[in-house]
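Q: coords below, sequence missing:
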C-alpha cells in the first residue's frame, strides 16, 4: 500500500531524506528518517503540510517535534513493535559498520604491503609476490564478506520496513469493523481536500448514527450491540466503490467520504443505505430471536472550497442532528 517505490525512486528519496535530516536539530534515528522519507516522496500530504508550516519561518525540527509528527502522521504502533523495529535497525547498522571497518583494515594492510613492496627492490622476488598475493586474497575475502553483509542487511531492512508498514496500516483500522478508524479517516480526508483545493471536483461527506443505540445495548447487551455495529459497517462497505472511504467515526457513528460523488448522487446512496439498514435482522445469541427495529439517521454535506476541515465535518454533523430532531431514520442535506 505504502512504499511501493522502485529501487531508483527509493534511492532518490533516501538521498533527499538524508539531506533534510542533516539540516534539523533532531538525531539521525529511524523515526527521523521515516518522517523525511515520506516528506521527500510526497505521499503523505498531511505530514508535508505540517512540516512546511513548522519550517515556514526558517525553523528546524528538534527531537520532540519529530516524534510528535511521527505519532500524528506515520504510525501509532505498539511499544513492542516500535522497540523491535528500532533494535533491528540498530543491529543492521552495527553489522554494516563492523563489516565496513574490517574491510577498511584489510585495505590499509594491503596498502602498507604495496608501499613496502614497491619501496624495496628485493621484494621483487617470488617470495615477495607470494606475500603480496596472500594479502590480495585476504582483502578480496573482506570485500566479499562486506558485500554479503550488505545484501543480508538489505533483506533485514526490507523486513523491518514491511513490519512498520503492516503496523501502520493496522493502526488506521477499527478493530471491530475493519473499516478505517478516526485517524485513518482524518488522513484520507486531509489528502482528499488538498486535491480538491487544487481544482479537482470537491467531495461529499455522509455521517450516520445508529438510532437509539444505547437502548439496544441496555436491552440486549453489548455483545449484540457489537453485532449491530459490525453489520452496519458491512452494509456501508458493501455500498462504496472506487476511491470512496467508509470509517467508524466513534461509538455508533460512521462516516463515508465520497471524493468523486456530487451531492445528488451522495443523497441517493445515503437513502439506499438507510433503507438497507431498516431491513436489517440480527439474531440474539440467547434465544435466536431476530432483532429488526434497527434504523439510522444521516447527515450529508458537500465541501466548499477553502473551508476548514472541521467546518466541513460540522456541517454534515449538523445535518445529522436535524435528522435526529425530525424523527430519525432519514437523510438531511446540509444547506449550501
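A: Alright, I've got the coordinates. Predicted, not measured: the structure shown is a model, and the values here were computed from it. Numbering: from 1, shown residues only.
Q: after the one helix or strand residue 218 maps to, next one along is what?
A: Element membership for residue 218 (DSSP states H and E) is helix 213-220. Of the helices and strands lying after helix 213-220 in sequence (DSSP H and E), the nearest is helix 222-238.
Q: Okay, angle between that following helix and helix 213-220 too, please.
A: On the basis of axes from the mean of the first three to the mean of the last three Cα atoms, to 10 degrees, helix 222-238 is oriented at 140 degrees to helix 213-220.
Q: count of neighbours near residue 298?
A: Number of residues near residue 298 (other Cβ atoms under 10 Å) recorded here: 29. For glycine as for every other residue, the C-beta is placed from the backbone atoms N, C-alpha and C.
Q: How about residue 18?
A: 14.
Q: so what's it scoring on pLDDT?
A: Residue 18 is assigned a predicted lDDT (pLDDT) of 83.
Q: what about it, which SS state?
A: helix (DSSP: H, G, I helix; E, B strand; the rest coil).
Q: and if you look at residue 209?
A: strand.
Q: what about it, neighbour count?
A: Neighbours of residue 209 (other Cβ under 10 Å): 21.
Q: again, but for residue 249
A: For residue 249, using other Cβ under 10 Å, the count is 21.
Q: circling back: what's the helix holding residue 218 packed up against?
A: The contact analysis (3 or more Cβ pairs under 8 Å, 6 or more residues apart in numbering; DSSP states H and E) places helix 213-220 against helix 222-238.
Q: that older thread, how about the helix holding residue 218, which residues are buried there?
A: 213, 216, 217, 220 (16 or more other Cβ atoms under 10 Å).
Q: Tell me the spacing between the third one and residue 225.
A: Put plainly, it is residue 217. Remark: distance between residue 217 and residue 225 (Cβ to Cβ, to the nearest Å) = 4 Å.
Q: is residue 291 in a bridge, and if so with what?
A: residue 282 (DSSP bridges).
Q: got a list of what it touches?
A: Contacts for residue 291 (Cβ atoms under 8 Å, 6 or more residues apart in numbering) come out as 216, 220, 224, 228, 281, 282, 283, 284.
Q: Tell me the buried residues within those.
A: Neighbour-count burial (16+ other Cβ under 10 Å) applied to the contacts of residue 291 gives 216, 220, 224, 228, 282.
Q: Export the residues you listed as CSV, with columns for distance to residue 295.
A: Formatted as CSV, the buried ones among the contacts of residue 291 follow (distance: Cβ to Cβ, whole Å):
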residue, distance to residue 295
216, 11
220, 15
224, 16
228, 11
282, 13
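Q: Distance check, residue 23 against residue 60.
A: Taking Cβ to Cβ, one finds residue 23 at 6 Å from residue 60.
Q: what do those two both touch?
A: Contact criterion Cβ under 8 Å, 6+ apart; residues shared by residue 23 and residue 60: none found.
Q: Show me where the stretch 51-200 of the chain dips below the pLDDT cut-off.
A: 75-170, 197-200 (pLDDT under 70).
Q: Enumerate every residue touching residue 249.
A: 182, 185, 207, 255.
Q: again, but for residue 196
A: Counted by Cβ under 8 Å, 6+ apart, residue 196 has contacts 202, 203, 259, 303, 305.
Q: could you redo the last one with a cut-off of 10 Å?
A: Neighbouring residues of residue 196 by Cβ atoms under 10 Å, 6 or more residues apart in numbering: 202, 203, 259, 303, 304, 305, 306.
Q: ok, back up a step: what touches both of residue 217 and residue 225?
A: Contacts common to residue 217 and residue 225, judged by Cβ under 10 Å, 6+ apart, are residue 252.
Q: which residues touch stretch 11-19?
A: With Cβ under 10 Å, 6+ apart as the criterion, stretch 11-19 contacts 3, 5-6, 10, 28, 32-43.
Q: buried subset of the residues you listed?
A: If we count by 16+ other Cβ under 10 Å, the contacts of stretch 11-19 have these buried: 3, 10, 32-41, 43.
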